[in-house]
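Have a look at this prediction, sequence included:
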Amino acid sequence: MSLDVYLGIDVGSVTTKLALVDETGKYIDSYMLRTAGKPVIAVQSGMKELYKKKLCEYNIQGVGTTGSGRNLAGALVGADVIKNEITAHAVAASTYIPGVQTILEIGGQDSKIIILRDGIVTDFAMNTVCAAGTGSFLDQQASRLNVPIEKFGETALKSTSPARIAGRCGVFAESDLIHKQQLGYPVEDLLYGLCQALVRNYLSNLALGKELLPIVTFQGGVATNSGMVKAFEEALNTKVVVPQNHQTMGAIGAALLAMENHQFTTNPTKFKGWEVGEMHFNSITNQCGDCSNSCEVITIVEGELEDKHPQKIKDIKGNIIARWGGTCGKWDIS
C-alpha cells in the first residue's frame, strides 16, 4: 500500500518542523525537533524520524520549504517551492480555518501578524528585533522562576491578581520581574503578568494601526501556552482559535503550496528522496573579492571536499548543490 503525499519543511532558528499532506490537502503526519544551530542535521534527522513513523509507503509528489532556513533546506532535499513564512502560515490557516481574518504567530526568535480578507493577505508585520515579543523571552523567565515551560500556562491561569510587568523591552521586563519577585509576588501572578506583558508588546508593535477582525487564530509554538491564549482573548475581547497542529502550521502550509504547484505544472518533483537523511553535506563560506561589495558567498557541497579550506570560491571542487549570498548573482546556482 502506498500514498501520494506532499512534504513541507519549516526550518526556524529554534525548531525545525516537517509535515505531510495528501492530494486533497488533508493532514497526514508531522515531526518537530530542535534546530540547535545545525539546520542541515535538523533537516536530515527530521526526515529520518518522519519516515520511520510511516504507516505505509509515501510517494512524494512535491516538496515545499519555508522558514529562515528555507533556501538551505530547499537545496538539501530538492524543493519544488520555496516560500516565506507569511505565505506558508496564511495558506495553512485559510485552508484549515475557513473565514480566518487575523493570524497571530509567535515563535522562538520572532513573531508575526498576518491580516487576511477573503483568503488573501492584505497586510502583515514581523518582529525580529525585540526579544520581549518572542517565545524565548517566556522560556528564559520561566526558567528564572523555576517553572517548567510545559507547566507555564497551567500555572499562569491560577492567577487572580496578575503583576503589571513592563513588557516594552526584554531587559526592562526581566528587571521588573526580578523586582516584583523580590517583593514576594506569587509565581502564578508573575507568570500571567508576563503573558500580559508579551501580549501588550506584540499588539503595540505589530498590530498598531491594523484592524484585527475575527476569526482570530494563534499559531506557532507559543500557542501551546494557555496563559498566552487567555491574555490575547482578554486583550482582543474575542475568542482565539488554536489549530490542532499549531506548531507545524508553517510546514503544513509549505506542503500545501507544493501541492498547489504540482497541480499547475507537469514537471516531476525535484525531491532527492528520503536518502537525503543519510547523505553528507558540507557548507563553506568565502568572501568574493571581485568587486568592492566583498560579498560573503555560502556554498553547499554534497559529499567530501577535495580541499577542506579553499581560499577562493572558484577553487571549491565537488558536487556543489547550492550557492548564494552574492549581490550580483554571479555565483548563484539555480
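Happy to help now that I have it. Numbering: from 1, shown residues only.

Roughly how far does the closest residue in space to M1 that isn't next to it in sequence sit from A73?
Leaving out its chain neighbours, the residue that sits closest to M1 by Cβ to Cβ, 6 or more residues apart in numbering is C56, at 4.6 Å. Using the backbone N, CA and C atoms, a C-beta is placed for each residue, glycine as well. Note on C56: its distance to A73, by Cβ to Cβ, to the nearest Å, is 25 Å.

These two: which is more packed in?
The neighbour count for C56 versus A73, taken as other Cβ atoms under 10 Å, is higher for A73 (27 against 10).

Assign that one to helix, strand or coil.
The three-state label given to A73 by DSSP: H, G, I helix; E, B strand; the rest coil is helix.

Spit out the contact partners of it.
9, 11, 39, 43, 65, 67, 79 (Cβ atoms under 8 Å, 6 or more residues apart in numbering).

picking up where we left off before, ok now do the residue nearest to M1, which residues does it touch?
1-3.

By neighbour count, which of these wins?
In the contacts of C56, the most neighbours by other Cβ under 10 Å go to L3, 14 neighbours.

Surely that one touches Q61?
No - counting by Cβ atoms under 8 Å, L3 does not reach Q61; the two are 10.1 Å apart.

Could you pull out the strands in this structure for me?
Per DSSP state E, the chain carries strands over the ranges 2-11, 15-22, 27-34, 57-66, 81-82, 102-106, 111-117, 120-127, 216-219, 240-241, 281-287, 296-302, 319-324.

could those go into JSON lines alongside mean pLDDT?
What follows is the strands of the chain, written out as JSON lines (pLDDT from 0 to 100):
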{"stretch": "strand 2-11", "mean pLDDT": "95"}
{"stretch": "strand 15-22", "mean pLDDT": "96"}
{"stretch": "strand 27-34", "mean pLDDT": "95"}
{"stretch": "strand 57-66", "mean pLDDT": "95"}
{"stretch": "strand 81-82", "mean pLDDT": "96"}
{"stretch": "strand 102-106", "mean pLDDT": "94"}
{"stretch": "strand 111-117", "mean pLDDT": "94"}
{"stretch": "strand 120-127", "mean pLDDT": "91"}
{"stretch": "strand 216-219", "mean pLDDT": "96"}
{"stretch": "strand 240-241", "mean pLDDT": "97"}
{"stretch": "strand 281-287", "mean pLDDT": "83"}
{"stretch": "strand 296-302", "mean pLDDT": "84"}
{"stretch": "strand 319-324", "mean pLDDT": "79"}
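
Can you lay out these as a markdown table showing distance to F152?
What follows is the strands of the chain, written out as a markdown table (distance: least, Cβ to Cβ, whole Å):
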| stretch | distance to F152 |
| --- | --- |
| strand 2-11 | 23 |
| strand 15-22 | 17 |
| strand 27-34 | 18 |
| strand 57-66 | 27 |
| strand 81-82 | 34 |
| strand 102-106 | 13 |
| strand 111-117 | 17 |
| strand 120-127 | 20 |
| strand 216-219 | 15 |
| strand 240-241 | 17 |
| strand 281-287 | 35 |
| strand 296-302 | 37 |
| strand 319-324 | 38 |
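
Compare the ones you listed and report which one is nearest to P268.
strand 57-66 (9.0 Å; Cβ to Cβ).

What strands line up against the closest one, and which way round?
For strand 57-66, the paired strands and their directions (DSSP bridges) read strand 2-11 (parallel), strand 81-82 (parallel).

Could you look over these and pick the most buried one?
For the strands paired with strand 57-66, average neighbour numbers computed from mean count of other Cβ atoms under 10 Å are highest in strand 2-11, which has a mean of 24.

Now do it: distance to the chain's middle.
When distances are taken as Cα atoms, centre = their mean, to the nearest Å, strand 2-11 is centred 16 Å away from the chain's centroid.

Can you check what angle separates that strand from strand 27-34?
Taking axes from the mean of the first three to the mean of the last three Cα atoms, to 10 degrees, one finds strand 2-11 and strand 27-34 inclined to each other by 30 degrees.

and the angle from strand 2-11 to strand 15-22?
Going by the same axes, to 10 degrees, strand 2-11 is angled at 150 degrees with respect to strand 15-22.

Could you shift the numbering so residue one becomes 224, and keep it that way?
From this message on, residue numbering opens at 224, which makes the last subject strand 225-234.

follow-up on the earlier one: tell me the one of the contacts of A296 nearest T508?
Nearest member of the contacts of A296 to T508, counting by Cβ to Cβ, is P262, at 14.4 Å.
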